[in-house]
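Trainee: I would like to see how this sequence folds:
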Amino acid sequence: MVDADQTFVIVGGGLAGAKAAETLRAEGFTGRVILICDERDHPYERPPLSKGYLLGKEERDSVFVHEPAWYARNDIELHLGQTVDRVDRTAKTVRFGDDGTLVHYDKLLLVTGAEPRRLDIPGTDLTGVHHLRRLPHAERLKRVLAALGRDNGHLVIAGAGWIGLEVAAAAREYGAEVTVIEPAQTPLHGVLGPELGNVFAELHREHGVRFRFGVRLTEIVGQDGMVLAARTDDGEEHPAHDVLAAIGAAPRTGLAEAAGLETAGPARGGGIVVDERLRTSDPDIYAAGDVASFPLALFGTRLRVEHWANALNGGPAAARSMLGRDVTYDRVPYFFSDQYDLGMEYSGWAPPGSYDEVVIRGDAGKREFIAFWVRQGRVLAGMNVNVWDVTEHIQRLVRSRSPVNIEALSDPHVPLDGLAS
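Mentor: Below is the predicted model:
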């Protein structure tokens, strides 16, 4: 039973946390809402950090979830630049790390997100080594890319995932020289597999990006604290004035682990284990966004999803669950990317080894197509590239779990909305 005397605490001030606070008020909760953010900036969205804002096409203020005055207007107690270093499940309190202040909660939501994985090689302490996760990272990298473009400088990127490729595209638009180092044989191998990874490799090569596949960085060489080059395990040395580590992100589960909450092992992507209502192993503690490992019956597995849509939808779902609403969080994973003149959206889940074939509808050579990852005639995932207004149809195909006619699936003249049973 929820009443006006209750206190709901949200630890984590990203998109999921801000949307959870918004939803609590929209759903009529009149108790205390305390939102604790370890960043000094108001809650913001992360996609612009590697897209529009990084390119200078979007203003800084456009990244924020709400205008600063919104929090006070909606009676949200916002604590910026504050960390929580302990959750006491017995006393139902959280403790601020800077001064030890204790705050009581009736319900607690952990949306602590993820943090960039670090390169474990010599030279990472040099001035020109960067990560991209937070707004100050993007502000710094934006200045770096502009300087590299102006001075014909070299950027080496470790990792050909989404962040690595989006920054590569931005760097080339600024005019910087770019080399991408990737241990796999294609970009995005763990998401798209080799068939579609090559589409992105060719896109970037056409724009002047150099790839080195099948190798790893072993050292960043510097002088007087500055980056000079990057060495790989094949013995090559690559010119570099700056290096971006874009080798993935790790869920921030330390607070949950110290509190004794169940977490998933590395083999399952890590994260705080939650049920379909986004409840943790403690019925008064919930988790959402990048840090949550949730069951998805559609695929018969447990997933941790690091994309914008998961934060956008997971925060509100957790808020409703905290209020006792009937919630089942089972959204089809979705993400998008923009690189040069290519825009894409991906719906579903089809890691390498999970599908039998990739079916192409349209012209992959012109980069105007939809790709479907199919197993035994069933669509596991779909990606539309420079083809729009089809996400709803793709997600319906994924959810249907019914075999489709492959010939019809590949034929652009056959309406997608008629293929799902």
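Trainee: contacts and neighbour counts: CA atoms only from here.
Mentor: Will do.
Trainee: pLDDT weak spots in the stretch 1-150 of the chain?
Mentor: Using pLDDT under 70 as the threshold, the predicted model of the stretch 1-150 of the chain has low-confidence ranges 1-2.
Trainee: Quick one: the strands in the stretch 1-150 of the chain, in order.
Mentor: Counting by DSSP state E, counting those that start in this stretch, the stretch 1-150 of the chain has strands at residues 7-11, 32-37, 76-80, 84-88, 93-96, 102-104, 107-110, 114-116, 129-130.
Trainee: Could I get those strands in a markdown table, plus columns for mean neighbour count and distance to Glu219?
Mentor: Rendered in a markdown table, the data for the strands of the stretch 1-150 of the chain read as follows (neighbours: other Cα atoms under 10 Å; distance: least, Cα to Cα, whole Å):
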| stretch | mean neighbour count | distance to Glu219 |
| --- | --- | --- |
| strand 7-11 | 24 | 37 |
| strand 32-37 | 22 | 34 |
| strand 76-80 | 18 | 36 |
| strand 84-88 | 18 | 34 |
| strand 93-96 | 19 | 38 |
| strand 102-104 | 16 | 44 |
| strand 107-110 | 26 | 36 |
| strand 114-116 | 17 | 18 |
| strand 129-130 | 20 | 12 |
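Trainee: any chance of the ones you listed in TSV, plus distance to Leu255?
Mentor: TSV is the format used below for those (distance: least, Cα to Cα, whole Å):
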stretch	distance to Leu255
strand 7-11	10
strand 32-37	14
strand 76-80	18
strand 84-88	6
strand 93-96	10
strand 102-104	15
strand 107-110	9
strand 114-116	12
strand 129-130	26
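Trainee: Can you say which of the ones you listed is nearest to Ala420?
Mentor: Set against Ala420 and scored by Cα to Cα, these come closest in strand 114-116, at 35.5 Å.
Trainee: what packs against that closest one?
Mentor: Here strand 114-116 is seen to pack against strand 249-251 when contacts are counted using 3 or more Cα pairs under 8 Å, 6 or more residues apart in numbering; DSSP states H and E.
Trainee: helix or strand right after the strand it packs on?
Mentor: Tracing the chain past strand 249-251, the next element assigned as helix or strand by DSSP states H and E is helix 254-258.
Trainee: how distant is that following helix from the center of its chain?
Mentor: The offset between the C-alpha centroid of helix 254-258 and the centroid of the whole chain comes to 21 Å, using Cα atoms, centre = their mean, to the nearest Å.
Trainee: ok so, going back, closest to Asn313 out of the strands of the stretch 1-150 of the chain?
Mentor: With respect to Asn313, and counting by Cα to Cα, the nearest of those is strand 107-110 at 14.3 Å.
Trainee: Where do the helices of this protein begin and end?
Mentor: With DSSP state H as the criterion, the chain has helices at 15-26, 47-50, 69-73, 135-151, 162-174, 189-206, 254-258, 308-322, 391-400, 406-410.
Trainee: Columns distance to Arg279 and mean neighbour count on top of those helices, output as a markdown table?
Mentor: Below are the helices of the chain laid out as a markdown table (distance: least, Cα to Cα, whole Å; neighbours: other Cα atoms under 10 Å):
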| stretch | distance to Arg279 | mean neighbour count |
| --- | --- | --- |
| helix 15-26 | 14 | 24 |
| helix 47-50 | 27 | 23 |
| helix 69-73 | 25 | 11 |
| helix 135-151 | 29 | 18 |
| helix 162-174 | 29 | 23 |
| helix 189-206 | 27 | 17 |
| helix 254-258 | 13 | 16 |
| helix 308-322 | 8 | 24 |
| helix 391-400 | 24 | 20 |
| helix 406-410 | 38 | 16 |
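Trainee: Adding distance to Arg231, write those out as a markdown table.
Mentor: As requested, the helices of the chain are exported to a markdown table (distance: least, Cα to Cα, whole Å):
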| stretch | distance to Arg231 |
| --- | --- |
| helix 15-26 | 37 |
| helix 47-50 | 25 |
| helix 69-73 | 48 |
| helix 135-151 | 20 |
| helix 162-174 | 18 |
| helix 189-206 | 21 |
| helix 254-258 | 33 |
| helix 308-322 | 33 |
| helix 391-400 | 42 |
| helix 406-410 | 44 |
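Trainee: nearest to Val87, of these?
Mentor: helix 254-258 (7.1 Å).
Trainee: which other residues reach that closest one?
Mentor: Contacts with helix 254-258, where a contact means Cα atoms under 8 Å, 6 or more residues apart in numbering, come from Val84, Asp85, Arg86, Val87, Glu262, Thr263, Ile272.
Trainee: Figure out which of the strands of the stretch 1-150 of the chain is closest to Val215.
Mentor: For these, distance to Val215 was read as Cα to Cα. The smallest value, 18.9 Å, belongs to strand 129-130.
Trainee: Skipping its backbone neighbours, what lies nearest Asp88 in space?
Mentor: With Cα to Cα, 6 or more residues apart in numbering as the criterion, Asp88 has its nearest non-adjacent residue at 6.3 Å, and that residue is Val94.
Trainee: Hmm, the one you found is touching His104, no?
Mentor: Yes - in this structure Val94 lies within contact range of His104 using Cα atoms under 8 Å: 6.6 Å.
Trainee: Let me know which of the strands of the stretch 1-150 of the chain is the nearest to Phe335.
Mentor: Closest of those to Phe335 is strand 114-116, at 16.7 Å (criterion: Cα to Cα).
Trainee: The closest one pairs with which strands?
Mentor: Using DSSP bridges, the strands paired with strand 114-116 are strand 249-251 (antiparallel).
Trainee: can you pull the buried residues of the strand it pairs with?
Mentor: Applying a neighbour-count criterion of 16 or more other Cα atoms under 10 Å, one finds Ala250, Pro251 buried in strand 249-251.
Trainee: Show residues contacting that strand.
Mentor: Counting by Cα under 8 Å, 6+ apart, Thr112, Gly113, Ala114, Glu115, Pro116, Arg117, Gly270, Gly271, Asp290, Val291 sit against strand 249-251.
Trainee: what do you get for stretch 204-213?
Mentor: With Cα under 8 Å, 6+ apart as the contact definition, stretch 204-213 has outside contacts at 168-169, 172, 177-186, 201.
Trainee: and what of stretch 370-386?
Mentor: By Cα under 8 Å, 6+ apart, the surrounding residues in contact with stretch 370-386 are 342-350, 354-362, 367-369, 387, 390-391, 394-395, 397-398, 401-406.
Trainee: That stretch - what's its average pLDDT?
Mentor: Per-residue confidence for stretch 370-386 averages out to 97 on the pLDDT scale.
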